[in-house]
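Enquirer: Provide a 3D model corresponding to the input given below.
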Amino acid sequence: MKRVLVITYYWPPSGGSGVQRWLKFVKYLREFGYEPVVYTPLNPEMMAEDSTLLAEIPEGVEVIKREIIEPYSLYKLFTGKRGTKVKPGFINSGGSDKSRAGLNERISLFLRSNLFVPDPKMLWIFPSVRFLKKYISNNKIDAIVSTGPPHSMHLIAKRLSNSLNIPWLADFRDPWTKMYNFKYMNHTSAILKMHKMLEKRVLCSADAVVTVTPTIAAELSEISHRRVEVVTNGFDRKDFENIEKIEDSHFSLTYTGLFVKSQNPHMLWRVLADLSQKRAEFKKDLKIRLIGNTDKTIIDHIESNGLVDNLSLMNYIPHDQIVRWQVSANVLLLCGGKEPESAGILTGKFFEYLAAGIPILGFGPKGGDMDLALDESGAGEMFDYNEYKTVYEWVEREYLRFVNGEQATIISKIDKYDRRELTKSISSILNRITSKEIL
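Expert: Got it, this is the predicted structure:
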């Protein structure tokens with residue numbers, strides 16, 4: 001059996017979407033002839049913790065954990081956030097309205113963007129390369145995988161691959177310089193040039209490049225002038241076996257996962273408020289259930305529409321419990337970004353929503369990858385963030401179905417998103433690069 005070294009920042013007991021992709025690949029790699037060895041930080045900054053995910057790691061898989069130094073303590077001290085968890089991405093760029101951020105936040109963003117390239121994990125690159133060179137000299141490794149962001153993981157893999165002549169697969173879960181919030185990071189021209197140089201070097205040096213959507217693949221291919229494979233995220237059928245629904249008498253509209261202000265479906269809250277005015281029973285039945293870290297601006301917007309009594313906020317909960325809430329909902333809310341670059345983002349929760357078999361109400365760029373995938377699956381509908389009438393009609397129709405006791409029948413074309421099948425695709429790419437076939 002060939003051995004593959006997987007370099008990832010996100011690993012259990014860390015929770016959140018960044019963990020799921022390679023946790024699931026590792027879970028099934030042995031079935032396709034690969035023994036995974038995972039390299040990950042001992043002390044990462046965890047947005048959320050989910051120790052139940054440890055049970056997903058196959059017995060006997062070697063997980064190497066090494067201490068990482070990150071500049072979070074300085075950031076927390078500078079911004080008065082000592083003792084709190086750092087948001088994803090280290091410092092919130094604030095998007096197009098970053099001027100509303102405090103002075104300390106803006107200074108911190110500038111320092112983060114221009115001192116730590118490509119990201120605050122850069123301090124882990126050199127010690128990791130030094131350690132892994134020694135490890136590989138004593139342990140057979142047939143291929144290396146790096147998954148980013150954070151893109152420092154790719155730089156570790158690049159140095160190892162170049163030095164030891166080991167085939168390397170670079171996996172981009174999100175874009176690098178084409179990420180929707182990258183343009184708000186306040187880079188100097190020199191640092192921006194450095195990012196683009198590093199990105200191109202990674203793309204051109206790796207023996208294979210994989211990403212999660214066709215749009216991101218096209219963007220990366222344009223930069224590197226090479227083929228970029230698409231292996232989407234997906235769902236694990238075993239997560240949905242023998243799931244007992246949670247009894248709930250409400251008409252529940254459920255969102256799971258990180259919910260940032262750039263994803264705020266402001267028109268939806270107005271629709272729900274207007275339906276509540278029109279139908280007293282709707283106001284009584286409605287439950288807006290947000291599970292995970294939700295930006296305060298979204299909560300404020302819901303409350304300003306008179307829906308505070310309908311709102312149920314739940315912090316991050318274990319993944320197996322999230323699945324129960326998904327299958328128990330009447331509508332699953334799916335929100336992509338509002339920036340044009342978000343057209344290439346296909347969130348991990350989308351695939352679990354498909355597996356849950358519940359109607360999906362989506363918001364995001366029309367014609368984007370999420371819109372196309374949702375249309376292909378037949379599991380719901382995607383709307384522009386400014387649509388009102390069609391969203392109103394869609395929600396009212398689903399509510400009347402709830403009132404009449406009708407069970408929505410979602411027959412989705414989802415087999416190709418099964419995690420085991422996706423792992424088979426990854427293993428095929430590993431087979432090609434380890435046998436020196438040209439991609």
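Enquirer: distance of M382 from A280?
Expert: Distance of M382 to A280, given as Cβ to Cβ, to the nearest Å: 30 Å. From N, CA and C alone the C-beta is placed, and that goes for glycine too.
Enquirer: element containing T390, please.
Expert: Per DSSP states H and E, T390 falls inside helix 389-403.
Enquirer: What mean pLDDT does that helix get?
Expert: Averaging pLDDT along helix 389-403 gives 96.
Enquirer: tell me which strands and helices it is in contact with?
Expert: Secondary-structure packing of helix 389-403 (3 or more Cβ pairs under 8 Å, 6 or more residues apart in numbering; DSSP states H and E): strand 251-256, helix 266-278, helix 280-285, strand 360-363, strand 380-383.
Enquirer: E49 is nearest to which of those?
Expert: strand 251-256 (16.4 Å; Cβ to Cβ).
Enquirer: chain center to that closest one, what's the gap?
Expert: Its chain's average C-alpha position is 19 Å from that of strand 251-256, according to Cα atoms, centre = their mean, to the nearest Å.
Enquirer: Do you have the helices of the stretch 51-200 of the chain handy? List them.
Expert: 72-79, 103-115, 125-138, 152-164, 189-205 (DSSP state H, counting those that start in this stretch).
Enquirer: So which other helices or strands are in contact with the third one?
Expert: Translated: helix 125-138. If contacts are counted by 3+ Cβ pairs under 8 Å, 6+ apart, helix 125-138 sits against strand 2-7, strand 62-66, helix 152-164.
Enquirer: State the number of residues packed around S425.
Expert: S425 has 17 neighbours, counted by other Cβ atoms under 10 Å.
Enquirer: Now it: phi and psi?
Expert: Phi and psi for S425, reported as degrees, to the nearest 10, are phi -60, psi -40.
Enquirer: Which residue, neighbours along the chain excluded, lies closest to it?
Expert: V231 (4.9 Å; Cβ to Cβ, 6 or more residues apart in numbering).
Enquirer: Pull the number of nearby residues for that neighbour.
Expert: So V231, with other Cβ under 10 Å, has 20 neighbours.
Enquirer: K193: neighbouring residues, count only.
Expert: The burial count for K193: 11, using other Cβ under 10 Å.
Enquirer: average model confidence for stretch 257-275?
Expert: Across stretch 257-275, the average pLDDT comes to 94.
Enquirer: neighbour count winner among M382 and A280?
Expert: M382 (22 against 9).
Enquirer: For the nearest residue to P41 once chain neighbours are set aside, give its distance to L160.
Expert: Spatial nearest neighbour of P41, excluding adjacent residues (Cβ to Cβ, 6+ apart): I68 at 3.9 Å. Distance of I68 to L160, computed by Cβ to Cβ: 17 Å.
Enquirer: What of Y39?
Expert: To L160, Y39 is 10 Å away according to Cβ to Cβ.
Enquirer: joint contacts of these two?
Expert: Jointly contacting Y39 and L160 under the rule Cβ atoms under 8 Å, 6 or more residues apart in numbering are L132.
Enquirer: how far is stretch 211-222 from where the chain is centred?
Expert: Counting by Cα atoms, centre = their mean, stretch 211-222 comes out at 16 Å from the chain centroid.
Enquirer: care to break this protein down by domain?
Expert: Domain assignment for the chain, taken from automatic domain parsing, gives 2-234+419-434, 237-415.
Enquirer: Can you flag the weakest of those by average pLDDT?
Expert: Lowest mean pLDDT of the domains of the chain: domain 2-234+419-434, a mean of 88.
Enquirer: what about that domain, start to end distance?
Expert: End-to-end distance for domain 2-234+419-434, by Cα to Cα, to the nearest Å: 9 Å.
Enquirer: Repeat that for stretch 164-182.
Expert: 32 Å.
Enquirer: buried set for it?
Expert: Residues of stretch 164-182 classed as buried: 166-182 (neighbour count, 16 or more other Cβ atoms under 10 Å).
Enquirer: Tell me which of those fall in strands.
Expert: 168-172 (DSSP state E).
Enquirer: ok, the residues you listed vs S342, which is closest?
Expert: S342 has its nearest neighbour among those in F172, at 15.5 Å by Cβ to Cβ.
Enquirer: And the helices in the stretch 201-350 of the chain?
Expert: Ranges of helices within the stretch 201-350 of the chain are 214-224, 266-278, 280-285, 296-304, 319-328, 348-356, based on DSSP H, counting those that start in this stretch.
Enquirer: ranking those helices by burial, who's on top?
Expert: Of all the helices of the stretch 201-350 of the chain, helix 348-356 has the most neighbours on average by mean count of other Cβ atoms under 10 Å, namely a mean of 25.
Enquirer: Count the neighbours of the spatially closest residue to K413 that is not a sequence neighbour for me.
Expert: The shortest distance from K413 to any non-neighbouring residue, by Cβ to Cβ, 6+ apart, is to S377 (5.7 Å). Counted with other Cβ under 10 Å, the neighbours of S377 add up to 19.
Enquirer: Can you name the residues in contact with the lengthiest strand in the chain?
Expert: The residue-count maximum for a strand in the chain (DSSP E) belongs to strand 34-41. The contact list for strand 34-41 (Cβ under 8 Å, 6+ apart) reads 1-11, 22, 25-26, 29-30, 61-68, 124, 128, 132, 139, 141, 143, 427, 430.
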